[in-house]
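A.B. asks: Turn this into a model:
(one chain, ligands or ions: 2)
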Amino acid sequence: MFCCPNCKQPLTRLEHVYRCENGHCFDIASGGYVNLLLANQKSSKNPGDNPTMIGARTYFLNSGSYSCLSDHLNHTIDSLCSANSSVILDAGCGEGYYAQRLYQQLTNLGKSVQIFGIDLSKNGVKSASKRCSSGYFAVASLFDLPFADNTIDLVYNVFSPLCPTEFFRVLKPDGYFVAVYPAARHLFGLKEVLYENPYENAEKSFELDGFQITDKKRVSYTMDLSSQQTIYSLYTMTPYFYKTPLSGAERLAKLEYLQTEADFWIITYEKTAG
Ligand SMILES: C[S@@+](CC[C@H](N)C(=O)[O-])C[C@H]1O[C@@H](n2cnc3c(N)ncnc32)[C@H](O)[C@@H]1O
Ligand SMILES: [Zn+2]
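C.D. replies: Ligands and ions are numbered 1, 2, ... in the order given. Okay, the predicted model is just below:
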């Protein structure tokens, strides 16, 4: 299913490499993933989330605090996938939490599914490949997806950058895109500790060119975070980590317990005729 980033021809998976008909080869790492990011597609030596952010995300997600979101996402995707073999892409898969739980859920329901994941972060993809060993993972950019046109049944994206033109290109004519966005009250309790005057997230229009919205679901609940490590790992995986005044970070570092909101939108889009 992956395409060669050089010539766009399909890649065939051999024992240790992916190879295209023009002889371009990409090693399969011992963890099972492949690096399809060309040197000229990199903005830095190690683009995407760094190992600290990936580690924090894994610790936090393993605490189960976002399992409710993951369950709702799985339910949404299940309702859109037929029992026949579906090809699903996690665009911006991070360390693979959602891909692994989705694969588990769909196969438990007896559905045949192939899950692909791409992310710019090599550390993310390495972890994802380990977490979801039945999936196919590549280091790649979602602004230049390594897939042919009209080949994927469903693309989903949790908190990662969006590239609707690429999602449109790779989706089959009747394909779906499912996006998770933070809603207004997301992590408000965390922001109340970090900032003197926290703001709610601005609600935005969910419209995307080339897509029609077919469903909007809001998932909101309260999280009780009961250790400093869980609180700190949540903080480390958010953008606030890079833009919080020292005083706010110090207040947070003293907490052993934090109650904060989880507030998400799950938006389903159908590919339009174009
Ligand atoms: C907020 S994290 C979300 C990760 C994962 N979906 C999750 O929720 O656990 C955003 C992810 O987008 C990735 N990312 C950023 N720019 C990207 C790009 N151009 N192409 C692919 N991934 C990208 C980062 O490396 C990071 O893993
Ligand atoms: Zn090639």
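A.B. asks: how about the strands of the stretch 101-250 of the chain, start to end?
C.D. replies: Taking DSSP state E, counting those that start in this stretch as the criterion, the stretch 101-250 of the chain contains strands spanning 113-119, 136-139, 152-158, 171-182, 211-225.
A.B. asks: if I pick residue 104, what's in contact with it?
C.D. replies: Residues near residue 104 by Cβ atoms under 8 Å, 6 or more residues apart in numbering: none. (Glycine included, C-beta is placed from N, CA and C.)
A.B. asks: Could you report the distance from it to residue 64?
C.D. replies: Per Cβ to Cβ, to the nearest Å, residue 104 is found 14 Å from residue 64.
A.B. asks: low pLDDT regions in the chain?
C.D. replies: Residue ranges of the chain with pLDDT under 70: 274.
A.B. asks: Point to the residue nearest the middle of it.
C.D. replies: residue 93 (3.3 Å; Cα atoms, centre = their mean).
A.B. asks: Residues in a beta bridge with the closest residue to that residue other than its chain neighbours, which ones?
C.D. replies: Spatial nearest neighbour of residue 93, excluding adjacent residues (Cβ to Cβ, 6 or more residues apart in numbering): residue 117 at 3.2 Å. Beta bridges link residue 117 to residue 90, residue 137 when assigned by DSSP bridges.
A.B. asks: coming back round to it: could the strands of the stretch 101-250 of the chain go into a markdown table alongside distance to ligand 2 and mean neighbour count?
C.D. replies: Below are those laid out as a markdown table (distance: least, Cβ to the ion, whole Å; neighbours: other Cβ atoms under 10 Å):
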| stretch | distance to ligand 2 | mean neighbour count |
| --- | --- | --- |
| strand 113-119 | 17 | 25 |
| strand 136-139 | 14 | 26 |
| strand 152-158 | 20 | 24 |
| strand 171-182 | 23 | 19 |
| strand 211-225 | 30 | 14 |
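A.B. asks: For residue 82, find the nearest of these.
C.D. replies: Proximity to residue 82 (Cβ to Cβ) singles out strand 152-158 among those, at 8.3 Å.
A.B. asks: and that closest one, which strands flank it?
C.D. replies: In the sheet, strand 152-158 lines up with strand 86-91 (parallel), strand 171-182 (parallel) (DSSP bridges).
A.B. asks: that older thread, wait, the residue nearest to residue 93 touches residue 126, no?
C.D. replies: No. Taking Cβ atoms under 8 Å as the definition, residue 117 is not a contact partner of residue 126, at 11.4 Å.
A.B. asks: quick one: secondary structure of the residue lying closest to residue 186 once chain neighbours are set aside?
C.D. replies: Closest residue to residue 186 apart from its sequence neighbours, by Cβ to Cβ, 6+ apart: residue 263 at 4.1 Å. Three-state assignment for residue 263 (DSSP: H, G, I helix; E, B strand; the rest coil): strand.
A.B. asks: Who are the contact partners of the residue lying closest to residue 128 once chain neighbours are set aside?
C.D. replies: Among residues not flanking residue 128 along the chain, residue 96 sits closest, at 2.8 Å (Cβ to Cβ, 6+ apart). Applying Cβ under 8 Å, 6+ apart to residue 96 gives the contacts 90, 117, 124, 127-132, 135, 137.
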